[in-house]
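**Student:** Show me how the following folds:
(2 chains)
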Amino acid sequence: MRTLALVTGILVASVAHAQFEAPDVLVKNVTTEVVELIAKDKQIRAGDRGKLVQLIEAKVLPHFNFQSMTALAMGQSWNKANAEQKKVLIEEFKTLLVRTYASALAAYSEQRFDYRPLRARPTDTDVTVQVRVIQPGAQPVPIDYSMERTGSGWKVYDVMVGGVSLVANYRTEFNGTVRTSGVDGLIKNLQAKNRSLAEKK
Amino acid sequence: MKLLIALAFLLGGCATAPDADPRDPWEGFNRGVYRFNEVVDEAVAKPVATAYRDGVHAEIRDRVRNFFANIGDVFIGVNNALQGKFRESFEDFARVTFNSTLGLLGIHDVASDMGIEKHNEDFGQTFGWWGAGQGPYLVLPILGSSTVRDGVGLALDLYTDPLGEVRPIDVRNSLLALRLTGARADLLEASRILEQAALDKYVFQRDAYLQRRRSLVYDGRPPRERYEDDAPVNREPR
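**Tutor:** Below is the predicted model of the structure:
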């Protein structure tokens, strides 16, 4: 009986394992697909930011864990927020990151990408997928995706560009704002920022 | 240059904010210089760089970037040697050799095509490699984000810069201006993204600079900082 349970357990685990795309394959497929879609889309290439944001929301967003990202960016301040505030924070931070990501993609989608082999054991639940952007006359820019295994596949919880962690870069600012004007102050700041970005385009 | 650093030290003393970030004790002074730099950038550097990007064909801009990058490789090689990274140093000099000859005085980066990759080193990183702490964050007039360590390194970088030896003076000045314009043009997209991403541009740029330099000192493999730590993040690397 116990053996049966064990065997079933292994079977279920390996099936569950197999149905998820490996993290490095996932990053490569998503990047390639998005870059191709941008190249084909005249409106996006002409600077239609709204359409690019839509594309990112459809193709890229599902592979990010925004709850983890927000919690990491907040650091010690995360536990000062109640459940309702947390929900708002995640939503606002997501909006900001998607816009930033859209600008970065629009700027660099024509560069050449070099996908590094993944160094991880099959049992790992936390890996770093490395991609490099090749530029003429400069050191290649490394982009590291920190990814964690969740019940619904591999999810990105941080992006490091040239050694700069996006999530960590917000932490001083977020903690400083929470210290001086509380969690609600930070929410207000994020909302104001997102509003001003929405007006600009 | 050294004068600027000395000046920063003097002014720094009277500009400490009460709720200061330990890495940035001269925040008040730094923010002043930052605002000054932004005005100069908006008035001169950004418009010139934008005109250069839009008016000069990408192919030619690549050649210009490669030409200056090739001169830079000599100093990257020297700094790698000073850090005891002789394999990397050898690669840097191999790059200079191939690019200066087959690459026609550096305008073609044939070494990269051959698989000899460019590195990123300077005197500030060499000091860091040998254990010098970065010291307080420092915003330099025109030159922007730095630290006391990197500021001293930058002074050495500029002092040994071969372009400074070029004569006649107006040829030297044209070359320096072209290099600066190209460098600023390469940052146009990045600065636009910074503008979008940051709630407070000063803080965002400072933190990105400090993270970036830390990563460069460790050649892209800094010891991982723990996220859940209660201690302030981004402590002094060494």
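**Student:** so B:F68 is in which element?
**Tutor:** Following DSSP states H and E, one finds B:F68 within helix B:58-82.
**Student:** what's the nearest residue to the residue in chain A positioned nearest to chain B if we skip its chain neighbours?
**Tutor:** Residue nearest to chain B within chain A: A:G163 (2.3 Å; CB to the nearest CB). Every residue, glycine included, has its C-beta placed from N, CA and C. Nearest residue to A:G163, sequence neighbours excluded (CB to CB, 6 or more residues apart in numbering or on different chains): B:S215, at 2.3 Å.
**Student:** Which positions in the helix or strand where that neighbour lies come out as buried?
**Tutor:** Using DSSP H and E, B:S215 sits in helix B:201-217. Neighbour-count burial for helix B:201-217, with 16 or more other CB atoms under 10 Å in any protein chain shown as criterion, is recorded at B:202-217.
**Student:** Please identify which of the residues you listed is nearest to chain A.
**Tutor:** Once CB to the nearest CB is applied, the member of those that ends up nearest chain A is B:S215, at 2.3 Å.
**Student:** which bits of chain B sit near chain A?
**Tutor:** Within reach of chain A by CB under 8 Å from any CB of the partner chain, chain B has these residues: B:19, B:21, B:62, B:65-66, B:68-69, B:109, B:112, B:117-120, B:186, B:189-190, B:192-193, B:196-200, B:203-204, B:207-208, B:211-212, B:214-216, B:220, B:222, B:225, B:227, B:230, B:233-234.
**Student:** Quick check: which element contains B:G182?
**Tutor:** helix B:169-186.
**Student:** by how many degrees do whatever helix or strand comes next after that helix and helix B:169-186 diverge?
**Tutor:** Downstream of helix B:169-186, the first helix or strand assigned by DSSP H and E is helix B:188-197. Interaxial angle, helix B:188-197 versus helix B:169-186 (axes from the mean of the first three to the mean of the last three CA atoms, to 10 degrees): 40 degrees.
**Student:** And the contacts of helix B:188-197?
**Tutor:** Outside helix B:188-197, the residues that touch it by CB atoms under 8 Å, 6 or more residues apart in numbering or on different chains are A:96, A:99-100, A:103-104, A:107-108, A:197, B:46, B:49-50, B:53, B:201, B:204-205, B:208.
**Student:** Then stretch A:102-120?
**Tutor:** A:22-24, A:27-28, A:31, A:34-35, A:38-39, A:44, A:47, A:49, A:52-53, A:56, A:127, A:129-135, A:140, A:161, B:189-190, B:192-193, B:196.
**Student:** Buried residues of that stretch, list them for me.
**Tutor:** For stretch A:102-120, by 16+ other CB under 10 Å, it's A:A102, A:S103, A:A104, A:L105, A:A106, A:Y108, A:S109, A:F113, A:L118, A:A120.
**Student:** What of stretch B:133-141?
**Tutor:** Under 16+ other CB under 10 Å, the buried positions of stretch B:133-141 are B:Q134, B:G135, B:P136, B:Y137, B:L138, B:V139, B:L140.
**Student:** What pLDDT does the model give the residue nearest to A:G163?
**Tutor:** On pLDDT, B:S215 comes in at 91.
**Student:** just the one 4 residues further on next, same as before
**Tutor:** Note on B:D219: pLDDT of 87.
**Student:** And for it, the neighbour number?
**Tutor:** 17 (other CB atoms under 10 Å in any protein chain shown).
**Student:** Kindly report the same for B:Q125.
**Tutor:** Neighbours of B:Q125 using other CB under 10 Å come to 23.
**Student:** now B:G55
**Tutor:** B:G55, neighbours per other CB under 10 Å, totals 8.
**Student:** Output the set of residues of chain A in proximity to chain B.
**Tutor:** So chain A meets chain B at A:72, A:75-76, A:96, A:99-100, A:103-104, A:107-108, A:136-140, A:142, A:162-165, A:168-173, A:176-177, A:179-180, A:189-190, A:193, A:197 (CB under 8 Å from any CB).
**Student:** pLDDT weak spots in chain B?
**Tutor:** B:1-19, B:224-238 (pLDDT under 70).
**Student:** Tell me which helix or strand comes right after the helix or strand of chain A with the lowest mean pLDDT.
**Tutor:** Averaged element by element with mean pLDDT, DSSP states H and E, chain A has its least confident helix or strand at helix A:2-19 (a mean of 56). Next in sequence after helix A:2-19, counting helices and strands by DSSP H and E, comes helix A:23-40.
**Student:** Just the C-alphas of that following helix, formatted as CSV.
**Tutor:** C-alpha atoms of helix A:23-40 as CSV (Å, rounded to 0.1, in the frame of the first residue of the first chain):
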residue,chain,number,x,y,z
PRO,A,23,12.2,27.9,-17.1
ASP,A,24,14.9,28.6,-19.7
VAL,A,25,12.7,27.2,-22.5
LEU,A,26,9.9,29.4,-21.3
VAL,A,27,12.0,32.5,-21.3
LYS,A,28,13.3,31.9,-24.7
ASN,A,29,9.9,31.0,-26.2
VAL,A,30,8.2,34.0,-24.7
THR,A,31,11.0,36.5,-25.7
THR,A,32,11.2,35.1,-29.2
GLU,A,33,7.4,35.2,-29.7
VAL,A,34,7.0,38.8,-28.3
VAL,A,35,10.0,40.1,-30.4
GLU,A,36,8.5,38.5,-33.5
LEU,A,37,5.0,40.0,-32.8
ILE,A,38,6.5,43.4,-32.3
ALA,A,39,8.5,43.1,-35.6
LYS,A,40,5.3,42.2,-37.4
